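Chemist: after the sequence you'll find the predicted model.
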Amino acid sequence: MAKPKGMGRLSRVRNFGICAHIDAGKTTVTERILFYTGITHKIGEVHDGEAVMDWMDQERERGITITAAVTNCPWRNHELHIVDTPGHVDFTVEVERSMRVLDGAILVLDAVSGVEPQTETVWRQAQRYRVPRLIFVNKMDRLGADFEFSVQTVRERLHGNPLLLTIPVGAEDGFCGVIDVLRGRYLTFEGEHGAEVNAHELTGDQIELRQVAFEQLVERCAEVDDRVAEAFLEGRPVETEQLQAAIRLGTIGNKLQPVLAGSALRDKGIQPLIDAVVDYLPSPTEAPPVEGVVPGSNAPDSRGPDPDASVVALAFKIAVFEGRKHVFLRVYAGRLGAGDTVYNSTTGQHERVARLFRVHAQKRERIDSAQAGEIVVAAGLKGVRTGDTLCDAKHPILLETIAFLEPVISIAIEPRRNQDSDKLLDVLAKLVDEDPTLRMREDTDTGQLLLYGMGELHLEVVCERIRREFNVEVNTGKPQVIYRESVAEIATAEETFERHNEDEDVHLYAQARAAVRPLERGRGLRIVVDRIKVLPEGSSLSDNERHEIEEGARDAAAAGPAQGYPLVDTEIELISIATRSGQSPPQALRVATAQAVRAASRAARAVLLQPIVRLDVTLPSEMTGPVIGDLQARGGHIEGIDGEHGVSILHAKAPLEKMFGYSTDLRSLTQGRGTFSMQFSHFSDR
């Protein structure tokens, strides 16, 4: 059976991301890939502020990746589409939305630390979207590098199934190359930037190391491929090509995670990693069909990567280039051309694609069209937001959108010059459109403009972008913690909404009775309307009226009775609703419901909940005492300590409100040698 036109090219495409904990070396790995594939002719180093993929000024100054950057390059007659993602927890949104559209990923580990906290987050994101993974144990040249320890952390902390494809020869200053387990050879990387890969025969201990790893490789392959299993049980040798096919099968099925070793900074081990991307990560044709629903009916629907089918694309990222909105798209089916009109099935609006680009970091190359399997950037899509589905109006489909965490920290922000007030609002609207974890609102009590984000660094970067990219000088207030509220008791209340408009001779009436009760921490908000009693007897509610009643309960829950924070870990049950013929439109039911829920919440004794963060602090073992004492003084609770090679990792939880400025204090306590990561854990009673 002939493949549809374009499917042959699709089989040679690899859409993959490079992700890890901060400082594991993701961007350095990407820079080497670009160099070895011929896209760049000079390697840009992160520590010199010259990395191609860290193109923002702040990324180069801070030495971290802030925004996911997209590029593409060739290798062995294949097209590699690469997304380099941030490692800092404040920018997890960039990893989340990248994982949503990728077919594969390289997970980079620091050979000293192994699996780190943000690595676990990235792993969970990859599992959520069923993304096949390769693992690259980087920094084998670092003091304390331990390959076996790093692989073991994959088993213990991630519950992964690592499969060794290369084994490092030596470590730290003695790291000199890798053993190719599959082909039984020793690889060294010589010449300018290690561009020349030389294969040598194995000698001495290398032979035994390879033999043990190869036997394990064959056993693992036998678990996922029947042909390999038959040969293994019969004691017959297995061809390399057959093993490669089994590894590919196991990787795409998320049953195996091939592991390779190297040092990106020292130009060792990257070429086998690029080969593994081609050999073992899936093409768009091998990824499962993208699933969604038919808009309006919620009937399941799916689309395969057929370039000749009707177009389907997902908007996974918004970016502002030169003050203009650009939308990153993953095309799942069909072809998308510049000038095409597409249907946004999320909003029900039609949009016109003005221009299409293929991107390399911040550089854009204009193209006429894109087809299934490609990641491109579109201009002109004014109403599109992150997570929207673009498709053919004659064959609509609504894909699953992207879920994002709620912000937990806020600052007050204002322009230094009054004449910049409107400009600041316009700039913030663009940035909020670009970043789904960024929110803004005006405080009704103080009139202040509040900006909400994922952490201090997140908000600091946003404010710096406002100054640099949009030329608006701003003043900011001290960061404030965003709390939540719950209730401590069960309470019931009944409220009547009655209003008479004499001018229009309209009388509105509704009476609602509601109960609130506490739930366990972490259960969120639950609204129960299916047991509601309608008065007078024999009356009933339409679907629209039930919807308005539920929305009335949500209106009330949006601002709790204590200090106006949203209600969580609370069940709201609508017990009864009383109506009068001709006087109880849906809006009246909504208002009465909101009043009853607010009254019940006040009677149920409100509880203020504060955000608790999870901390993982890495520091020299001899300095753990002062750091533990400081965390306990902040109200923190130490949950465990891991130690390897003179390095300790403290696992703790602490109130977010006590953690402002912690990075400065930690540097002081550890002589600048301590690092930490922090992410939201849960809300708890104060």
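Modeler: Cool, got the structure. Everything quoted here is computed from the prediction, not taken from an experiment. Residues are numbered from 1 along each chain as shown.

Chemist: could I get stretch 670-686 in PDB with only the CA atoms?
Modeler: Output of stretch 670-686 as PDB, limited to C-alpha atoms (Å, rounded to 0.1, in the frame of the first residue of the first chain):
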ATOM      1  CA  THR A 670      27.300  28.200  52.400                       C
ATOM      2  CA  GLN A 671      30.000  30.700  51.100                       C
ATOM      3  CA  GLY A 672      28.200  30.700  47.800                       C
ATOM      4  CA  ARG A 673      28.300  26.900  47.400                       C
ATOM      5  CA  GLY A 674      24.700  26.100  48.100                       C
ATOM      6  CA  THR A 675      21.900  25.900  45.600                       C
ATOM      7  CA  PHE A 676      18.200  25.200  46.000                       C
ATOM      8  CA  SER A 677      15.000  24.600  44.000                       C
ATOM      9  CA  MET A 678      11.600  25.400  45.300                       C
ATOM     10  CA  GLN A 679       8.100  24.500  44.000                       C
ATOM     11  CA  PHE A 680       4.600  24.700  45.300                       C
ATOM     12  CA  SER A 681       3.500  21.700  47.400                       C
ATOM     13  CA  HIS A 682       0.100  22.400  49.000                       C
ATOM     14  CA  PHE A 683      -2.000  24.800  51.000                       C
ATOM     15  CA  SER A 684      -2.100  24.400  54.800                       C
ATOM     16  CA  ASP A 685      -3.700  25.900  57.900                       C
ATOM     17  CA  ARG A 686      -1.700  28.800  59.200                       C
END
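
Chemist: got the buried residues for that stretch?
Modeler: By neighbour count, with 16 or more other Cβ atoms under 10 Å as the criterion, the buried positions of stretch 670-686 are T670, G674, T675, F676, S677, M678, Q679, F680, F683. From N, CA and C alone the C-beta is placed, and that goes for glycine too.

Chemist: return the distance of it from the chain's centre.
Modeler: From the chain centre to the centre of stretch 670-686 is a distance of 19 Å (Cα atoms, centre = their mean, to the nearest Å).

Chemist: what residues are up against R335?
Modeler: Neighbour list for R335: P307, V311, S369, A370, Q371, A372 [criterion: Cβ atoms under 8 Å, 6 or more residues apart in numbering].

Chemist: quick check: the gap between it and D392.
Modeler: 11 Å (Cβ to Cβ, to the nearest Å).

Chemist: who touches both of the two?
Modeler: V311.

Chemist: pull out the buried residues from the contacts of R335.
Modeler: The buried subset of the contacts of R335 (16+ other Cβ under 10 Å) comprises P307, V311, A370, Q371, A372.

Chemist: and which of these is nearest T347?
Modeler: Using Cβ to Cβ, V311 comes nearest to T347 of these, at 16.8 Å.

Chemist: just the buried ones among the contacts of R335 now: which is nearest D665?
Modeler: A370 (49.0 Å).

Chemist: excluding chain neighbours, what is closest to that closest one?
Modeler: V376 (4.3 Å; Cβ to Cβ, 6 or more residues apart in numbering).

Chemist: and if you look at A145?
Modeler: Per Cβ to Cβ, 6+ apart, closest to A145 is A111, 3.8 Å.

Chemist: got phi/psi on that neighbour?
Modeler: With angles defined as degrees, to the nearest 10, A111 sits at phi -60, psi -20.

Chemist: that one touches E148, doesn't it?
Modeler: No - counting by Cβ atoms under 8 Å, A111 stays clear of E148, with 10.1 Å between them.

Chemist: just give me the residue closest to the centre of the protein.
Modeler: E96 (1.6 Å; Cα atoms, centre = their mean).

Chemist: any idea which strand is longest in the chain?
Modeler: strand 606-620 (DSSP state E).

Chemist: okay but K653 is in contact with P611, surely?
Modeler: No - contact criterion Cβ under 8 Å: K653 and P611 do not qualify, at 10.7 Å.

Chemist: comparing these two, which shows the higher neighbour count?
Modeler: P611 (20 against 17; other Cβ atoms under 10 Å).

Chemist: beta partners of that one?
Modeler: Under DSSP bridges, the beta-bridge partners of P611 are F683.

Chemist: against E215, how distant is it?
Modeler: As judged by Cβ to Cβ, P611 and E215 stand 49 Å apart.

Chemist: following element in sequence after the least confident helix or strand in the chain by mean pLDDT, please.
Modeler: Least confident helix or strand of the chain, by mean pLDDT, DSSP states H and E, is helix 57-62 with a mean of 46. Per DSSP states H and E, helix 57-62 leads on to strand 69-75 as the next helix or strand towards the C-terminus.
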